[in-house]
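Undergrad: build the 3D model from these lines:
(one chain, ligands or ions: 3)
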Amino acid sequence: MLITITEHPDEWLSGREARNTWILQPFMSAQDVDETLLSRTQSQALRAMIDSGLFSGRKPEARALPTPLERTGGIVGVFTGKGKHRTADNIRRAAALAYKSLEDHQVRRAIVATGSLRDQEAAAFTEGLILASYRFDPYKSKENPDERKPRPEQVALAVPAGRNRKNLETAVTRAAVIAEGANAARRLGDTAANDLPPRALAAFARGIAEKFPHCACEIFERDALEKMGMNALLGVGKGSSEPPVLILLTYRPPKAKRHVAIVGKGVCFDSGGISLKPPQSMHEMKYDMSGAGAALCALMTAAELRLPVHITVAVPAAENKTGSAAQTPGDIVRAYNGKTIEVHNTDAEGRLLLADALAYTVKRFKPECLVDLATLTGACVVALGHHAAGILGTDQRLINALIAAGEATGERLWQLPLWEEHDELIRGEHADINNVGPAREAGTIVGAAFLKQFTGKTPWAHLDIAGTAYGVKKVPYWNAKYATGFGVRLLVQWLSDLASGK
Ligand code: BES
Ligand code: ZN
Ligand code: ZN
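TA: Numbers count the residues shown, from 1 in each chain. Ligands and ions are numbered 1, 2, ... in the order given. Model (predicted):
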């Protein structure tokens, strides 16, 4: 969907096209109704709707009113929340509800009465519209009736008279780039595993490096991984005919003062391996590369926004399958940093391939800090559900900065403890460490305690996004049917904060 900015909405309001155009009116109260965009009758109708209590006035809400006898085809009243409830996230949600109203009425074009929104609020509104417009349909036949319905194609933000267009445009353009970045990660997640093996993830990373300045990409294939001693990563991939790869994507703008590394779990499909998962929701494990998608798309977005931060992304990618060569429970592998791991459960594979990638990243790149994102544990979904990802790590300042970025973007994080005592839970019997802990005991913390062994002294934070990467219900700008792209917006916010010296 195209978002534009216009100083001359009148061009949209006259002529035949006006009949196919609707007006979106964000508001806190009836006073916000913009009489220059809405006709007299439309303004009166919307004020009457507001005054009569049609909007609950508590949470974000959008109500459509077709106005076939007016110059524009209809209006959507969009309540954004008021007072302390007028947050960026409520504005995003309100915009998403507005988008759904347009879709329900099969409207192709709309104008937003932007007067009641400050620049940052217009940015949040834009983000909500673009996220809500996300569909994943490359596999749907064109004859499918759902595919033929008209959908919103263009939304113009009307610049109110006397407002600085430049500032509005900067904020809105940035928001659009970020939301499109999140949508790109969603497409990767939703793509079927048969179309997204590790080499396809590598091709995606290469595509970013070719498109954006100051980016470079390096791919390590099986032979190289063997020479480097990346046996934990190789072990995960042994059961699949699709070989594992390590993807390195860097963005190094000349003016960068900071250097951060982001590692994303790239399990393109997680069957559990020999420790096979039950079939009920195994198909969802195509989303097990969501951490990788978020890391790659965050770098892409940072590059597009030209953020002055040096970013290194590492993605260990593999398919966890059950072929005759598959890794077997009880196997012992030596990871890149020399530690030996007993693989008691082949379904705890994310931590294995991340172990090699974390250790390699720390050793080769020496970043000032390290963040990983992974759909790591079902236990995290049990603990936190779908409305927050877990965060754990070794550096409270880093954790706090990420939590703050999460609050700003609506991608919320909730910290779990990671104490020395937890190291006991992964002590190995015949090797240094075990890849699982005692059954049903602090599963998310155990996953993090394991990863910690591979981060050395580098300040590190781990985001367990198992509950937030897909299937999130009741957040209007996401869709339970699709991936969320969780992590892209939060990381870009964090990187922007770093760039501005926060
Ligand atoms: N990819 C899964 C975790 C997961 C579960 C993600 C549900 C999204 C939704 C991970 O590889 C896994 O299987 N973890 C095991 C760890 C256990 C064997 C210690 C789990 O959570 O059961
Ligand atoms: Zn698994
Ligand atoms: Zn997994």
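Undergrad: okay, CA-based contacts and neighbour counts for the rest of this
TA: Fine.
Undergrad: in this structure, where is pLDDT below threshold?
TA: For the chain, no stretch has pLDDT under 70.
Undergrad: max-length strand in it?
TA: When the chain is parsed with DSSP state E, its longest strand is strand 310-320.
Undergrad: now check it, is it near ligand 2?
TA: No - Strand 310-320 lies apart from ligand 2 when judged by C-alpha under 5 Å from the ion; the minimum separation is 7.6 Å.
Undergrad: hmm, that strand touching ligand 1?
TA: No - using C-alpha under 6 Å from any ligand atom, strand 310-320 never reaches ligand 1; the gap is at least 8.8 Å.
Undergrad: host element of the nearest residue to residue 356 once chain neighbours are set aside?
TA: Nearest in space to residue 356, with sequence neighbours left out and distances taken as C-alpha to C-alpha, 6 or more residues apart in numbering, is residue 336 at 5.2 Å. Under DSSP states H and E, no helix or strand contains residue 336.
Undergrad: any idea which helix or strand carries residue 332?
TA: strand 331-334.
Undergrad: look up phi and psi at the spatially closest residue to residue 37 that is not a sequence neighbour.
TA: What sits nearest to residue 37 in space, not counting adjacent residues and going by C-alpha to C-alpha, 6+ apart, is residue 113, at 6.8 Å. Main-chain torsions, residue 113, degrees, to the nearest 10: phi -80, psi 90.
Undergrad: sorry, back to before: the residue nearest to residue 356 against residue 231, yeah?
TA: Yes - counting by C-alpha atoms under 8 Å, residue 336 does reach residue 231; the two are 6.9 Å apart.
Undergrad: for those two, list the residues in contact with both.
TA: Common neighbours of residue 336 and residue 231 are listed as residue 356 (criterion: C-alpha atoms under 8 Å, 6 or more residues apart in numbering).
Undergrad: of the two, who's got more company?
TA: residue 231 (24 against 21; other C-alpha atoms under 10 Å).
Undergrad: spit out the contact partners of the more buried one.
TA: 225, 333, 334, 335, 336, 356.
Undergrad: and for residue 39?
TA: 70, 71.
Undergrad: how close does it sit to ligand 1?
TA: According to C-alpha to the nearest ligand atom, to the nearest Å, residue 39 stands 50 Å off from ligand 1.
Undergrad: please apply the same query to residue 61.
TA: Computed as C-alpha to the nearest ligand atom, the residue 61 to ligand 1 distance reads 31 Å.
Undergrad: quick revisit: any chance of the contacts of residue 231 in a markdown table, plus distance to residue 181?
TA: As requested, the contacts of residue 231 are arranged in a markdown table below (distance: C-alpha to C-alpha, whole Å):
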| residue | distance to residue 181 |
| --- | --- |
| 225 | 30 |
| 333 | 36 |
| 334 | 36 |
| 335 | 33 |
| 336 | 32 |
| 356 | 27 |
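Undergrad: if any of those are buried, give me the PyMOL selection for them.
TA: Remark: buried members of the contacts of residue 231, expressed as a PyMOL selection using 16 or more other C-alpha atoms under 10 Å:
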select buried, resi 225+333+334+335+336+356
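Undergrad: near ligand 2, which residues of the stretch 251-400 of the chain are found?
TA: 272, 347, 348.
Undergrad: change it to 6 Å
TA: Residues of the stretch 251-400 of the chain found near ligand 2 (C-alpha under 6 Å from the ion) are 270, 272, 347, 348, 349.
Undergrad: any idea which helix or strand carries the residue of the chain found nearest ligand 2?
TA: Going by C-alpha to the ion, ligand 2 is nearest to residue 347 of the chain, at 3.5 Å. Using DSSP H and E, residue 347 sits in no helix or strand.
Undergrad: this completes my enquiry, with thanks.
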